[in-house]
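Student: One predicted model, sequence on top.
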Amino acid sequence: MRLTRSLVPTIKEIPSEAQIASHRLMLRAGLVRQTSAGIYAWLPAGYRVLQNIARIVREEQDASGAQEVLMPTLQSADLWRQSGRYDGYGAEMLRLKDRHERDLLYGPTNEEMITDLLRQSIKSYRELPQNLYHIQWKFRDEVRPRFGVMRGREFLMKDAYSFDLDQAGAVIAYRKMMLAYMRTFRRLGVQAIPMAADTGPIGGDLSHEFIILAPTGESQVYYDAAFETIDTSPAAFSFDSEADLERFATLMTTPYAATDEKHDEAAWAKVTNKREGRGIEVGQIFYFGTKYSDPMGLRVAGPDGAQVIPHMGSYGIGVSRLVGALIEAHHDDAGIIWDDAVAPWKAAILNLKMGDAACNAICEDIYAKLAGNALYDDRDERAGVKFNDADLMGHPWQVIVGPRGAAKGMVELKRRATGERMEVSVEDAIRKVFFL
Ligand code: ATP
Ligand code: MG
């Protein structure tokens with residue numbers, strides 16, 4: 001994209017409504033704008049990040065065997081009456097009526113709807129297991145929406161739902177998701193630690209929250225640094241091997257990890273390599289047995305013909321919260337530092353002398369070769385303004401094109417994360433940006 005033709009409204013002033021770095025930076029870098037309390041419009045740069053995160057989440061869900069679907073945001077209140085959650089869910093649920101006075105709600109989560117879909121679609125144990133997910137907007141009328149997209153009212157979530165014949169099957173589904181989550185967060189460039197959790201309004205018996213360390217996190221967390229070196233790659237564990245999944249689950253539940261509520265000082269004292277700090281919840285997984293399948297009447301014929309109630313789990317990732325969480329984890333005084341995997345563009349091309357024939361020609365050449373992966377700062381602005389905006393926006397690479405270098409066909413390449421600069425040819429700049 002050419003910056004002169006883009007809606008990337010960067011701002012220099014520090015927005016007074018934002019209390020934490022990621023919120024300030026998301027506003028300043030022109031990623032989002034608030035449209036009402038806790039509800040955000042995603043502008044081009046922000047939307048590209050959101051889509052990059054969603055793509056990585058999707059790829060890892062697919063690799064684990066989960067199937068993507070898309071359920072609507074609006075749900076019938078009747079489904080929630082069947083599970084018994086309609087009255088209990090409280091003021092967080094946005095309730096509305098259609099023109100026929102039928103009760104609807106904007107989904108805060110989808111256990112009821114997916115259970116209804118399975119109830120209509122499967123009859124036999126042979127059709128299990130199933131794991132279905134979607135990436136869809138949710139609404140929770142949070143009492144105190146804050147920290148920008150980190151605690152919004154409308155937010156994008158990946159939610160998956162597993163159905164198994166029995167508890168043993170459901171535990172395998174749970175482990176697969178835990179493995180998929182570890183891989184997802186590592187690809188996003190953050191270290192997320194699974195911590196045993198209470199189940200809250202989703203309910204159930206077994207749950208883990210995935211938490212990343214960041215100074216502005218909402219809870220205090222403690223974990224053994226041993227987590228950071230566990231290899232979770234496909235070379236180490238296969239989704240197709242139950243033995244691998246069990247070994248993985250054992251490895252994941254051995255080192256110490258706890259949120260404030262579950263913290264045990266005696267056990268913590270024995271940990272040699274401690275990590276401690278504020279944590280942001282970026283995902284949570286639940287096994288809850290027949291909590292929804294039973295009251296909603298989901299049944300399949302078992303191997304002996306008798307009716308069986310499937311066991312379920314649900315698995316959430318806060319896709320839009322992650323945009324803020326990644327910035328909390330990776331920024332400095334100058335701005336955002338995007339990981340290559342999620343950056344809106346891999347590089348910014350900074351033309352330091354618009355109108356100079358050599359500068360323009362080199363910039364156009366690089367812009368064409370980077371094919372959609374670059375934001376070209378073609379504004380008629382001072383170099384300092386371009387440097388500041390590029391640092392603020394956090395592009396992994398800056399290709400800096402000035403008249404002196406351009407005359408000999410050279411450009412300067414800056415790596416945002418390290419500040420490292422090098423003078424290279426156009427070809428080398430492109431190779432580096434693409435890691436060739
Ligand atoms: P929290 O404890 O932060 O309120 P939760 O436990 O209620 O979250 P879950 O039901 O576990 O949330 O939802 C799955 C994921 O969705 C969470 O791990 C979080 O990343 C994200 N999420 C939940 N609520 C919000 C929100 N209000 N704004 C943005 N993301 C959210
Ligand atoms: Mg949660």
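Tutor: Perfect, thanks for sending it. Ligands and ions are numbered 1, 2, ... in the order given.
Student: Domain-wise, how is this protein divided?
Tutor: Domain ranges of the chain: 3-335, 345-435, per automatic domain parsing.
Student: Do me a favour and average the pLDDT over the last one.
Tutor: Domain 345-435 comes out with an average pLDDT of 97.
Student: Quick one: distance of that domain to the chain centre.
Tutor: On the basis of C-alpha atoms, centre = their mean, to the nearest Å, domain 345-435 sits 29 Å off its chain's mean C-alpha point.
Student: go on, stretch 153-166?
Tutor: 14 Å.
Student: buried ones in that stretch?
Tutor: 153-165 (16 or more other C-beta atoms under 10 Å). Using the backbone N, CA and C atoms, a C-beta is placed for each residue, glycine as well.
Student: and the gap between the residue nearest to the spatial centre of the chain and ligand 1?
Tutor: Centrality entry for the chain: nearest residue to the mean C-alpha point is residue 319, 3.4 Å, by C-alpha atoms, centre = their mean. Distance of residue 319 to ligand 1, computed by C-beta to the nearest ligand atom, to the nearest Å: 8 Å.
Student: among the buried residues of stretch 153-166, which are in strands?
Tutor: By the criterion of DSSP state E, membership of the buried residues of stretch 153-166 in strands covers 154-164.
Student: Of those, which are in range of ligand 1?
Tutor: 155, 157 (C-beta under 6 Å from any ligand atom).
Student: Out of the ones in strands among the buried residues of stretch 153-166, the closest to ligand 1 would be?
Tutor: Lowest distance from ligand 1 to these (C-beta to the nearest ligand atom) belongs to residue 155, with 3.5 Å.
Student: ok, what's across the strand from that closest one?
Tutor: Beta bridges link residue 155 to residue 138 when assigned by DSSP bridges.
Student: Which secondary structure elements does the helix or strand that residue 132 is a member of sit against?
Tutor: Assigned by DSSP states H and E, residue 132 falls within strand 130-139. Secondary-structure packing of strand 130-139 (3 or more C-beta pairs under 8 Å, 6 or more residues apart in numbering; DSSP states H and E): helix 44-63, strand 67-68, helix 111-121, strand 154-164, helix 167-187.
Student: Show me the contact partners of stretch 325-334.
Tutor: Contacts to stretch 325-334, defined as C-beta atoms under 8 Å, 6 or more residues apart in numbering, come from residues 20-22, 25-26, 53, 150, 188-190, 212-217, 280, 282, 318, 336-339, 342, 388, 391-392, 394, 417.
Student: Verify the stated contact: residue 276 with residue 219.
Tutor: No - with contact defined as C-beta atoms under 8 Å, residue 276 does not reach residue 219; the gap is 11.9 Å.
Student: Name all residues that make contact with residue 149.
Tutor: 23, 26, 32, 40, 155, 320-321, 323-324.
Student: These in helices, which ones?
Tutor: Assigned to helices by DSSP state H, the following of these qualify: 23, 26, 320-321, 323-324.
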